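**Student:** Generate a structure from the sequence data that follows.
(one chain, ligands or ions: 1)
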Amino acid sequence: MSTPLRRLYVSASAITANVKRLRELAPARDTMVVVKANGYGHGAEVAARAALAGGASWIGVADIDEALALRAVGIDAPILSWLHAADQDFVEAVARDITLGVSTIAQLNAVALVGRGTVHLKVDTGLGRNGVGRDNLDEFLTVAARLHDEGLLVINGLMSHVSGTSREADLGQAERFVHAHDLLVSLGVTPTHLHLAASAAALDHPSLRFTMVRFGIAAYGLAPTSDHTDLGLTPAMRFEASVINVKRLQPGDGVSYNFRWVASTETTVALVSAGYADGIPRAATGRASVEIRGTRYPVVGTIAMDQIVVNVGDDDVAEGDAVGIWGDRSAATPSVAEWAEWADTITYDIATGIGGRVARFERP
Ligand SMILES: *Cc1c(COP(=O)(O)O)cnc(C)c1O
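**Tutor:** Predicted coordinates for the structure are as follows:
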């Protein structure tokens, strides 16, 4: 059997250790680990199991389909799902005990129609996205409290999400969150779970942890921002491809589409078996490096759909050599954060961009 051209190695034990570490760094009564978007590219099931082993008490996902897929493989921990279709049917979610983040009166009514669903009320405290807006807050909470009293649904939590724009902005959102909580309590409902902070806010602002923090990116050992690089976390993902051709170039020889790189001296280039369809950001053209045999070499020429070309100078490389594109195993391998910088994006975008044809392996 031949070696897959592109390989993603995911370490469950790294995720477990990261979650343990995060619970020390940002303690709260409950820790949710967010495994949306296929566990930020790592695999949702692997990530959820590893997170629970590390002490997470909740799993978070965006869609109900993501939640149901976890139930289908036997994950029975509390799961929260907060992004729903305009015509979302909540029957199966309620039947499988998925807790629903709800943002509109229509959603409250749709859940009530199913009967006895558990909800976390989602308020927009200033992010300007999901969650009930300021103008509808009173009415939304009033309807929710009434449905709760009538036994048509169970309000189990109140949640919001911050922008991370500045300390002041995040603390201002927290104030609006507390206001919404007070309003709900005045309507006779005291939610068990109160949560506002994702990775960055949970790490930065102890006062924003309330009863639960929601860790996504940091659980995978990746930094939410460039201010969060020294937390003692282990990247859980390593992305590799292989050298599939080696050739000698003469001065003046061009490489890849539009000859954006031309050899200025005699040199050896290696053709590597992964490209932008596999998640290597094309925007990193001209800036990126990869690791071969423990040494870092520049990627030259335009990053293509299936292939990149690496300039190894006069060093020895051979067809079949493994190429560390990003990850953790060797110090020479670039980090996800470096790729994010080269592509002018964020770690999240790199991790979730892994393409469908990349072979996946679990490793310790
Ligand atoms: C994605 C998401 C998170 C996790 O965010 P990170 O920055 O990856 O920690 C938490 N809460 C909500 C509502 C989210 O959408």
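**Student:** Whichever residue of the stretch 1-150 of the chain sits closest to the ligand: neighbour count?
**Tutor:** Residue of the stretch 1-150 of the chain nearest the ligand, by C-beta to the nearest ligand atom: residue 34 (4.1 Å). For every residue, glycine as well, the C-beta is placed using N, CA and C. Neighbour count of residue 34, defined by other C-beta atoms under 10 Å: 27.
**Student:** shift numbering so it begins at 43
**Tutor:** Noted, 43 is the first residue going forward, which turns the last one into residue 76.
**Student:** distance of it from residue 396?
**Tutor:** From residue 76 across to residue 396, the span is 17 Å (C-beta to C-beta, to the nearest Å).
**Student:** residues in contact with stretch 177-194?
**Tutor:** 144, 146-147, 150-151, 154, 157-158, 161, 163, 165, 174, 195-197, 222, 225-226, 229-231 (C-beta atoms under 8 Å, 6 or more residues apart in numbering).
**Student:** among those residues, which are in strands?
**Tutor:** Those of these mapping onto strands are 144, 161, 163, 195, 196, 197, per DSSP state E.
**Student:** Could I get those in CSV, plus columns for distance to residue 56 and neighbour count?
**Tutor:** Converted to CSV, the ones in strands among the contacts of stretch 177-194 look like this (distance: C-beta to C-beta, whole Å; neighbours: other C-beta atoms under 10 Å):
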residue, distance to residue 56, neighbour count
144, 34, 29
161, 33, 27
163, 34, 29
195, 38, 24
196, 36, 16
197, 36, 24
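**Student:** The ligand next: which of these are close?
**Tutor:** Among those, no residue is within reach of the ligand (C-beta under 6 Å from any ligand atom).
**Student:** Which member of these is positioned nearest residue 208?
**Tutor:** Distance to residue 208 across the ones in strands among the contacts of stretch 177-194 (C-beta to C-beta) is lowest for residue 163, with 26.0 Å.
**Student:** For the residue of the stretch 193-342 of the chain found nearest the ligand, give me its contacts.
**Tutor:** The stretch 193-342 of the chain approaches the ligand most closely through residue 258 (2.3 Å), counting by C-beta to the nearest ligand atom. Residues near residue 258 by C-beta under 8 Å, 6+ apart: 75, 76, 78, 82, 102, 240, 241, 390.
**Student:** where's the first one relative to residue 274, distance?
**Tutor:** Here the distance between residue 75 and residue 274 works out to 17 Å (C-beta to C-beta).
**Student:** quick one, which of the two is more surrounded?
**Tutor:** More neighbours surround residue 75 than the other of residue 75 and residue 274, with 29 against 11 (other C-beta under 10 Å).
**Student:** which strand in this protein runs the most residues?
**Tutor:** Criterion DSSP E: the longest strand present in the chain is strand 279-291.
**Student:** Pairing partners for that strand, with directions?
**Tutor:** strand 48-53 (antiparallel), strand 309-314 (antiparallel), strand 364-368 (antiparallel) (DSSP bridges).
**Student:** contact partners of the shortest one?
**Tutor:** Meaning strand 364-368. With contacts defined as C-beta under 8 Å, 6+ apart, strand 364-368 is touched by 279-285, 312, 314-316, 322, 332-334, 352, 372, 374-378, 380-381, 392.
**Student:** and that strand, how far out from the chain's middle?
**Tutor:** Put simply, strand 364-368 sits 21 Å off its chain's centre (C-alpha atoms, centre = their mean, to the nearest Å).
**Student:** For it, give the mean pLDDT please.
**Tutor:** Computed over strand 364-368, the mean pLDDT rounds to 98.
**Student:** And the protein, what are its domain boundaries?
**Tutor:** Per the record, the chain has its domains at 54-262, 279-405, by automatic domain parsing.
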